[in-house]
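Trainee: Take this sequence and fold it.
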Amino acid sequence: MLEKIREGAQGPLVKVLLFLIILTFAFTGVSAYLGGSADDFAAKVNDTEISRAEFDRAYQNQRAMMEQQYGEMFAFLAQDENYMRQLRQSVLENLIEEQLASELAKKIGITQSTAALREAIVQMPEFQINGQFSNDTYLRALTSVGFTPASFRDYLAVQMNRVMLMQGAFGSEFALPSEVAKLQVLQNELRSGRYATVSASDFMGQVDVTDAEIEEFYFDNQELFEQEEQIRLAYVELDFNDVLARINVTEEDVRAYYDNNPAAFQSRESRRIAHIMVEFGDDEAAARERIDAIYARVQAGEDFAELAASESDDFFSGQEGGDLGMLERGSLDPDIEDAGFALSAEGEVSDVVRSEFGYHIVKLTAFNPPQTTEFAEVAGEIRDNLARVEAEQEYFNIQQELARMSFEIDHTLDVVAEELGLEVKTSPWLRPQVGAEGFDQPQLLAQAFSEEVRELGLNSDLIELDQRSLVIRAEEYQPARILDLADVRDDIANHLQAQEAEALANAYGEGLLAALEAGEAVDLEFTEFAGVRRNSTDVPGAMRQELFRMVPPAEGNTTFSVITLSNGDTAVVALTEVTAGTVDPETQDRVQRQLEGQYAELAYRALLEALKANAKIERRL
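Mentor: The predicted model follows:
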């Protein structure tokens, strides 16, 4: 798993993916691009600085992505200082490559259409509520980081230009039909022959391991016999689901809640509102004059939707005739919302309204009155919610008692278990970085190996996990040590004996190989195989790999080889026939994409290396 994380975080394809993730989260830390002292940068690319704030944001985004993808495994990996140093360098290198790509995109004239920018913003989850784009959320987010809609569109255009440049590098590669055919021929090649195995166990009787050899191996390989410290815990556990199962909610309770909370089962009034917005800009008075002029045109009978499309500074709603969607109270800026909900008839238009975004003219285009949900439809949901609320309170009360009593009576768990109706249980053996199922959370392991629990024999603090709480204490502890020779003598003897037997089996196999290549008869029982593919499971993996490394025999001849299998046995392999693969039309498209992907990765890397070679780059990490 750790190797997969290491490999997955460093490939060029993932760097492009990382860029897209950073783009998605750009608005959350975009102020990093807008300031910073003259010397406060992590890298400088030509004349453009990459600030430390920008680097820190990208680094934290990468960490968050990996934590989400790999969970607690990443917590263990993060303890490797060398790996985390490489990760930081990789993130910085990615930012450098992004800047170079942006400069190249600008140089060669890559641009974004208005429709493309609009679609990109609509799809960004940070601007959505319940899966739908929220114009109000969009405007608030931009305001919070010092952007106007216009300046954010310019910023986003630069980012999307980078992506388009990368797509060009990937999308321009192609594979010729002849290349695809040759690859298919190789991939679909079939090999036939026979093999015989020489069992290492047949040579075990010829091996005599001495005490001196055992002791030499033991003292030369002390790291193999290190036993990490481990602990077995006594613990009491409070499980929320156990508490929930004890809760009983009556039909009367459910009905009473429904009757006493009518608003909870009534849909809220909703309205479809449209608006025309004029931003303040640098001159609020001029903005007021402009909105008044637009308002006069509305009052004169001009089409509201057409005016929104041509005059509104709200880029998104303007393209939709100013429409802000079907809205409930609490989903818009209060000033705009109050104006919209004060209108009483569809088609009615408000006076000019001032908000933190600018001046607005608001129009009511549709109205939905509230609707009441019948009791039968929500009774089950009410029962579940009441049970959960009561269970949460009871769980909290017991949890607090558990924490208090285990602290006050810190030398045993028996008293608290008896008072609270819990059971003192025993955990499996645990190691600092390797817990058993249910005991592998970092906070639990940290408490288990703390000085208070491990050495002083005290109860731990309350450990809050997902819907359960524990208090632990040490039942048995074993410090780290080198296992005694007596404890591992038999294991070493077996290992050395098996190692020597494997060597004897391999030597015997090499002798058989020499005899076969000389045309001599050998006393071996061969197993035939036919039509083995590169991904076949008909023969052992090591044998299959060797089989496709062997030189094809001349017609009527046989090629021989000897290999050691994963179980220690030796195999003598005879390759008798190679059948050229055929072109499979059904897999042709997949093979073509595979080749083009490989070519694209090479092109991407070549492009970045060329950009770096011709750029002036200063790194300060």
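Trainee: going forward, measure contacts between C-alpha atoms and count neighbours the same way
Mentor: OK.
Trainee: how many other residues sit next to residue 260?
Mentor: 9 (other CA atoms under 10 Å).
Trainee: Next, it: phi, psi?
Mentor: phi -90, psi -10 (degrees, to the nearest 10).
Trainee: distance of it from residue 611?
Mentor: Distance from residue 260 to residue 611, counting by CA to CA, to the nearest Å: 69 Å.
Trainee: Ok, residue 50 next?
Mentor: Note on residue 50: its distance to residue 611, by CA to CA, is 17 Å.
Trainee: Below-threshold pLDDT in the protein: ranges please.
Mentor: Judged by pLDDT under 70, the chain has its weakly predicted residues at 1-39, 72, 145-146, 169-170.
Trainee: Tell me which helix or strand the most centrally placed residue in the chain sits in.
Mentor: Against the mean C-alpha coordinate of the chain, by CA atoms, centre = their mean, the closest residue is residue 69 at 2.6 Å. Secondary-structure assignment from DSSP states H and E places residue 69 in helix 52-70.
Trainee: May I see the buried residues of the helix or strand just after that helix?
Mentor: Under the assignment DSSP H and E, the closest C-terminal helix or strand after helix 52-70 is helix 72-77. Buried residues in helix 72-77, counting neighbours by 16 or more other CA atoms under 10 Å, are found at 74, 77.
Trainee: May I have helix 72-77 exported as CSV, CA atoms only?
Mentor: The C-alpha trace of helix 72-77 is given here as CSV (Å, rounded to 0.1, in the frame of the first residue of the first chain):
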residue,chain,number,x,y,z
GLU,A,72,-5.1,6.3,8.2
MET,A,73,-2.3,4.7,6.0
PHE,A,74,-1.3,8.3,5.1
ALA,A,75,-0.9,9.1,8.8
PHE,A,76,1.7,6.4,9.1
LEU,A,77,3.4,7.5,5.8
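Trainee: List of residues touching that helix?
Mentor: Here helix 72-77 makes contact (CA atoms under 8 Å, 6 or more residues apart in numbering) with 2, 66-67, 83, 433, 441-442.
Trainee: Where helices are concerned, which of these count?
Mentor: Counting by DSSP state H, those place 2, 66-67, 83, 442 in helices.
Trainee: Narrow those to those that are buried.
Mentor: Buried members of the ones in helices among the contacts of helix 72-77, counted by 16+ other CA under 10 Å: 66, 442.
Trainee: so, if you compare the ones in helices among the contacts of helix 72-77, which one comes nearest to residue 194?
Mentor: Nearest to residue 194 among these, counting by CA to CA, is residue 2 at 38.2 Å.
Trainee: and the residue lying closest to residue 237 once chain neighbours are set aside, what does it touch?
Mentor: Once flanking residues are discounted, residue 237 sits nearest to residue 470: 4.5 Å by CA to CA, 6 or more residues apart in numbering. Going by CA under 8 Å, 6+ apart, residue 470 touches 235-238, 462-464.
Trainee: Neighbours of the closest residue to residue 553 other than its chain neighbours, how many?
Mentor: Distances taken as CA to CA, 6+ apart put residue 559 closest to residue 553, at 5.5 Å, once the chain neighbours are dropped. Neighbour count of residue 559, defined by other CA under 10 Å: 18.
Trainee: Now do residue 559 against residue 517, distance only.
Mentor: Using CA to CA, one obtains 8 Å as the distance from residue 559 to residue 517.
Trainee: So for the helix holding residue 69, what gets flagged as buried?
Mentor: Buried, per 16+ other CA under 10 Å, within helix 52-70: 52-59, 61-63, 66.
Trainee: What is it packed up against?
Mentor: Under the contact criterion of 3 or more CA pairs under 8 Å, 6 or more residues apart in numbering; DSSP states H and E, helix 52-70 touches helix 12-24, strand 41-45, helix 72-77, helix 81-107.
Trainee: Including distance to residue 176, could these go into CSV?
Mentor: Listed next are the helices and strands packed on helix 52-70 as CSV, based on distance: least, CA to CA, whole Å:
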stretch, distance to residue 176
helix 12-24, 23
strand 41-45, 38
helix 72-77, 42
helix 81-107, 28
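Trainee: for these, which one sits closest to residue 247?
Mentor: Using CA to CA, the helices and strands packed on helix 52-70 put helix 72-77 closest to residue 247, at 33.4 Å.
Trainee: Which residue ranges of the stretch 201-350 of the chain form helices?
Mentor: 211-220, 240-245, 251-260, 284-299, 304-311, 315-319, 334-342 (DSSP state H, counting those that start in this stretch).
Trainee: do you know which of these lies nearest residue 506?
Mentor: Taking CA to CA, helix 211-220 is the member of those nearest to residue 506, at 21.3 Å.
Trainee: Give the buried residues for the closest one.
Mentor: Those would be 214, 218, for helix 211-220 by 16+ other CA under 10 Å.
Trainee: For that helix, C-alpha coordinates in PDB please.
Mentor: The C-alpha coordinates for helix 211-220 follow below in PDB (Å, rounded to 0.1, in the frame of the first residue of the first chain):
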ATOM      1  CA  ASP A 211      25.000 -24.500  15.700                       C
ATOM      2  CA  ALA A 212      27.800 -22.200  14.500                       C
ATOM      3  CA  GLU A 213      25.900 -21.400  11.400                       C
ATOM      4  CA  ILE A 214      22.800 -20.700  13.300                       C
ATOM      5  CA  GLU A 215      24.600 -18.400  15.700                       C
ATOM      6  CA  GLU A 216      26.400 -16.600  12.900                       C
ATOM      7  CA  PHE A 217      23.200 -15.900  11.100                       C
ATOM      8  CA  TYR A 218      21.500 -14.700  14.400                       C
ATOM      9  CA  PHE A 219      24.300 -12.200  15.200                       C
ATOM     10  CA  ASP A 220      24.700 -11.000  11.600                       C
END
